[in-house]
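*Asks:* A predicted structure for the sequence below; I have some questions about it.
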Amino acid sequence: MPILNRVSDMYDEIAFWRRHLHQHPEIGFEVHQTAEFVARRLEEFGVNEIHRGVGQTGVVAVIRGRHGDGPAIALRADMDALPIVEAGGQPHASTIEGAMHACGHDGHTAMLLGAAKYLAETRNFKGNVVLVFQPAEEIGSGARAMIEDGLFDRFGISHVYGMHNMPGIPVGDIALKRGAIMAASAKFTIRIHGRGGHAARPHTTIDPIVVGAQIVGALQTIVSRTVDPIAPAVVTVTRFAGGTADNIIPEAIELWGTARALSMADARHIEERVTAIATKTAEAAGARVEVDYNQSIPVTENDTDEAAFCTRIAREVVGDARVDAETVPVMAGEDFSHMLDRRPGTLVFLGNGASAGLHHPAYDFSDEAIPAGVSYWIRLVEGKLSP
Ligand code: NI
């Protein structure tokens, strides 16, 4: 079955929601207006249950099928924007200075609303579909907050599905793979405490800048020398901060960074190496070091059977030629991984065409992807909960 006719009829309305959300971006857990917008639409659709404030500002809705009891499956969209000044230009540009939907979560939210409207009208399934509108994806906390608020147990969810738009893939094409599709993402802070002093008398100091430089250099050997070359991994130092003048050796400096890997074994290995290199290098120089290492986002791991099921659904919706079932994984992290950690399911990428990249000031979600995205959600529910 191709793009559903009814979804084509709803296109203008869904695109209107998308642009409204784009104009009113909200960040982190502070997605109050967005959550209210979502909840109001869900009320209009006549869904069976609406729960506000799940995981602080998340919204959960339940639609019961008309073919009796069955499992409950969850579809998840993220609602939050980014602290970016939008390049602007289009009529629906952000009206909030310093906030922007630069990751397309406006599109994700609007598409899931579109699917909710259709599913509440037709209910051609057994069991329950649980619509999960999540805050705070970009800060990596929203999924966990909703889980800790009992998401899976309160609604009896057996499977969970996600979708993220992807620039560089033709508009409305669907790409996925079984296994790891997005990386584990860790962030770290390394504080190096030396002994400050006069820049011309280095022998009386313990120079934390030199120690920091040695650590940055040595961190480059983790991926190049200690991770299997066949396994993708990244260690990046993103901030090197310290010092106040050209003639002063500072007391302390601070490094920030991130690490990515496609297996949790590699992620844990990198954590161990970053900590050891920072600690031992500082120790050799007589400096003291504090390492905060936060293994915040696990690998986004698609279940093998569910990935096969979602591939079949995607092919039904957009046709074989527009589905890539062995896409290349992405080294960015996605906090939907916390949900896939607890329930089997699949995250797919929905092509956003030749747009600017995610998190870029000129990015915009492509409304042309809406029919494919919404039809995929609907057919997934009707296929998984087939009466
Ligand atoms: Ni995103």
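*Replies:* Thanks, I have the structure now.
*Asks:* Skipping its backbone neighbours, what lies nearest Ile169 in space?
*Replies:* Of all residues not flanking Ile169 in the chain, Gly351 sits nearest, at 3.4 Å (Cβ to Cβ, 6 or more residues apart in numbering). For the C-beta atoms, the positions are set from N, CA and C on the backbone; glycine is no exception.
*Asks:* Now for the one you found: which residues touch it?
*Replies:* Gly351 is in contact with 165-166, 168-175, 369, counting by Cβ atoms under 8 Å, 6 or more residues apart in numbering.
*Asks:* For it, name its beta-bridge partners.
*Replies:* Counting by DSSP bridges, Gly351 is bridged to Met166.
*Asks:* Asp324 versus that one, what's the distance?
*Replies:* To Asp324, Gly351 is 9 Å away according to Cβ to Cβ, to the nearest Å.
*Asks:* what is in contact with the two at once?
*Replies:* In contact with both Gly351 and Asp324: 169, 173-175, using Cβ under 8 Å, 6+ apart.
*Asks:* Of the residues you listed - the most surrounded one?
*Replies:* Within these, neighbour counts (other Cβ atoms under 10 Å) peak at Ile174, which reaches 28 neighbours.
*Asks:* Got the confidence number for it?
*Replies:* With respect to pLDDT, Ile174 has a value of 98.
*Asks:* beta partners for it?
*Replies:* Under DSSP bridges, the beta-bridge partners of Ile174 are Val323, Leu350.
*Asks:* swap in Leu255?
*Replies:* Beta-bridge partners, per DSSP bridges, of Leu255: Ile190, Phe240.
*Asks:* Relative to the whole chain's centre, how far out is the biggest helix by length in the chain?
*Replies:* Counting residues, the longest helix found in the chain (DSSP state H) is helix 264-285. Computed by Cα atoms, centre = their mean, to the nearest Å, the chain-centroid distance of helix 264-285 equals 26 Å.
*Asks:* Next SSE downstream of that helix?
*Replies:* Counting by DSSP states H and E, the next helix or strand C-terminal to helix 264-285 is strand 288-297.
*Asks:* and the following helix or strand past that following strand, how far out from the chain's middle?
*Replies:* Moving toward the C-terminus from strand 288-297, the next helix or strand (DSSP H and E) is strand 300-302. How far strand 300-302 lies from its chain's middle: 12 Å, per Cα atoms, centre = their mean.
*Asks:* Stretch 72-88 too?
*Replies:* That offset, for stretch 72-88, works out to 9 Å (Cα atoms, centre = their mean).
*Asks:* So which bits of that stretch are buried?
*Replies:* 72-82, 84, 86-87 (16 or more other Cβ atoms under 10 Å).
*Asks:* again, but for stretch 208-220
*Replies:* Under the neighbour-count criterion of 16+ other Cβ under 10 Å, stretch 208-220 has 208-212, 214-216, 218-219 buried.
*Asks:* Redo the residues you listed as TSV? Include pLDDT.
*Replies:* Shown next, in TSV, are the buried residues of stretch 208-220 (pLDDT from 0 to 100):
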residue	pLDDT
Pro208	98
Ile209	98
Val210	98
Val211	98
Gly212	98
Gln214	98
Ile215	98
Val216	98
Ala218	98
Leu219	98
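*Asks:* Mark which of these are part of strands, please.
*Replies:* Among the buried residues of stretch 208-220, no residue falls in strands (DSSP state E).
*Asks:* can you list the residues you listed in a markdown table and add distance to Glu44?
*Replies:* Below are those laid out as a markdown table (distance: Cβ to Cβ, whole Å):
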| residue | distance to Glu44 |
| --- | --- |
| Pro208 | 59 |
| Ile209 | 60 |
| Val210 | 63 |
| Val211 | 60 |
| Gly212 | 56 |
| Gln214 | 61 |
| Ile215 | 56 |
| Val216 | 54 |
| Ala218 | 58 |
| Leu219 | 53 |
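*Asks:* What's the separation between the nearest residue to Gln214 once chain neighbours are set aside and Asp153?
*Replies:* What sits nearest to Gln214 in space, not counting adjacent residues and going by Cβ to Cβ, 6+ apart, is Thr281, at 5.2 Å. Relative to Asp153, Thr281 is positioned 46 Å away (Cβ to Cβ).
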